[in-house]
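J.: I'd like to go over a predicted model; first the sequence, then the structure.
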Amino acid sequence: LTVENKKRLFFRSIAPLVLRANELILTDRNRLEALRSSYMNEVPLREEDQAWILKLAALYKVQLEGDQITSKALDALWEKVDIIPVSLALAQAAEESGWGTSRFAALGNAVYGQWTWGKNAIKPEQQREELGNYGIASFESLQESVCAYMLNLNTHNAYASLRDKRAELRSQNEKITGYVLAGQLTKYSERGEEYVKGLRSLMEYNRLAPTDEAYLSKDPPIYLIPVAE
């Protein structure tokens with residue numbers, strides 16, 4: 001395979017997983033929107049809806065006072081439960097996994113290089129002792145890796161500016177693009193601004209911007225069959 005074809009295969013393998021992860025987020029976001037609207041209009045929430053919000057708040061690390069659902073908590077959830085642009089997710093997957101060739105990707109489907117101190121961590125070959133007994137999170141599947149990556153961007157304090165920028169774009173009815181949000185990821189890597197420049201360069205060179213408009217179709221697949229001579 002040529003380098004270009006290897007890159008195409010990588011993108012075509014990861015893109016559906018990114019799109020599916022965003023679909024799952026949007027399912028939660030749509031339900032949250034309806035319940036948030038009901039709450040603002042003083043419509044009592046059903047017990048099952050309250051339980052769902054509490055579970056969502058725990059997942060997205062939104063603190064509640066005494067398990068009380070408030071407008072402040074719903075607003076915090078609204079900013080966190082949102083998509084990650086496909087172009088950004090693809091660029092970071094390529095950058096962090098060496099186009100899927102890294103040891104971490106091979107051993108644990110770890111395509112985003114997320115640090116962890118759990119039992120399932122993959123220990124780096126050259127671990128820096130001053131940083132503790134850290135490792136790279138491993139996953140049962142690539143889909144789990146993608147979903148965990150999105151949850152990380154949507155919850156970690158280091159990426160609050162990304163969420164703020166995304167919310168700003170939404171409030172102004174502007175497109176949420178990977179190129180713009182990449183500018184808020186200086187804390188994802190020790191390389192800082194150089195990391196951002198690298199991601200944007202990768203997006204531009206590989207023409208990833210159109211993927212931000214992509215979606216998973218419900219139409220039946222089209223099979224291309226060679227015509228017999």
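T.: Received, thanks.
J.: tell me the contacts of the residue nearest the centre of the chain?
T.: The chain has M150 as the residue nearest its centroid, 2.2 Å off, counting by CA atoms, centre = their mean. Neighbouring residues of M150 by CB atoms under 8 Å, 6 or more residues apart in numbering: 21-22, 25, 83-84, 89. Every C-beta, even on glycine, is put in place using the N, C-alpha and C of the backbone.
J.: and of those, the nearest to F10?
T.: Nearest to F10 out of the contacts of M150 is A89 (CB to CB; 12.4 Å).
J.: Quick check: pLDDT value at the closest one.
T.: Here, the pLDDT recorded for A89 equals 98.
J.: picking that back up, out of the contacts of M150, which sit inside strands?
T.: Using DSSP state E, no member of those sits in strands.
J.: quick one: which two of those residues are the most distant?
T.: I25 and A89 (11.6 Å).
J.: who has more neighbours, those two?
T.: Neighbours per residue (other CB atoms under 10 Å) separate I25 from A89, with A89 holding more: 28 against 19.
J.: Correct me if wrong: that one contacts V18.
T.: Yes: using CB atoms under 8 Å, A89 makes contact with V18 at a distance of 4.4 Å.
J.: joint contacts of the two?
T.: Joint contacts of A89 and V18 (CB under 8 Å, 6+ apart) are V146.
J.: buried ones in stretch 38-46?
T.: For stretch 38-46, the neighbour count (16 or more other CB atoms under 10 Å) marks Y39 as buried.
J.: ok so, going back, quick one: which of the contacts of M150 is nearest Q172?
T.: Relative to Q172, the closest of the contacts of M150 is I83; by CB to CB it sits at 16.5 Å.
J.: Helices of the chain, start to end?
T.: Assigned by DSSP state H, the chain shows helices spanning 3-40, 47-59, 71-80, 86-97, 103-108, 142-155, 160-171, 178-182, 193-205.
J.: So for T116, which of those helices sits nearest?
T.: Of all the helices of the chain, helix 142-155 comes closest under CB to CB, at 9.6 Å.
J.: Next, the angle from that closest one to helix 160-171.
T.: In terms of direction (axes from the mean of the first three to the mean of the last three CA atoms, to 10 degrees), helix 142-155 departs from helix 160-171 by 90 degrees.
J.: can you give me the angle helix 142-155 makes with helix 3-40?
T.: 50 degrees.
J.: Tell me which of the helices of the chain sits most buried.
T.: helix 86-97 (a mean of 24; mean count of other CB atoms under 10 Å).
J.: Output that helix as CSV, nothing but the C-alphas.
T.: Provided in CSV are the C-alpha atoms of helix 86-97 (Å, rounded to 0.1, in the frame of the first residue of the first chain):
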residue,chain,number,x,y,z
VAL,A,86,-15.0,14.9,13.0
SER,A,87,-12.0,16.7,11.5
LEU,A,88,-10.5,17.3,14.9
ALA,A,89,-11.1,13.8,16.1
LEU,A,90,-9.5,12.3,13.0
ALA,A,91,-6.5,14.7,13.1
GLN,A,92,-5.8,13.8,16.8
ALA,A,93,-6.2,10.1,16.2
ALA,A,94,-3.6,10.3,13.4
GLU,A,95,-1.3,12.4,15.4
GLU,A,96,-1.5,10.5,18.7
SER,A,97,-1.4,7.0,17.3
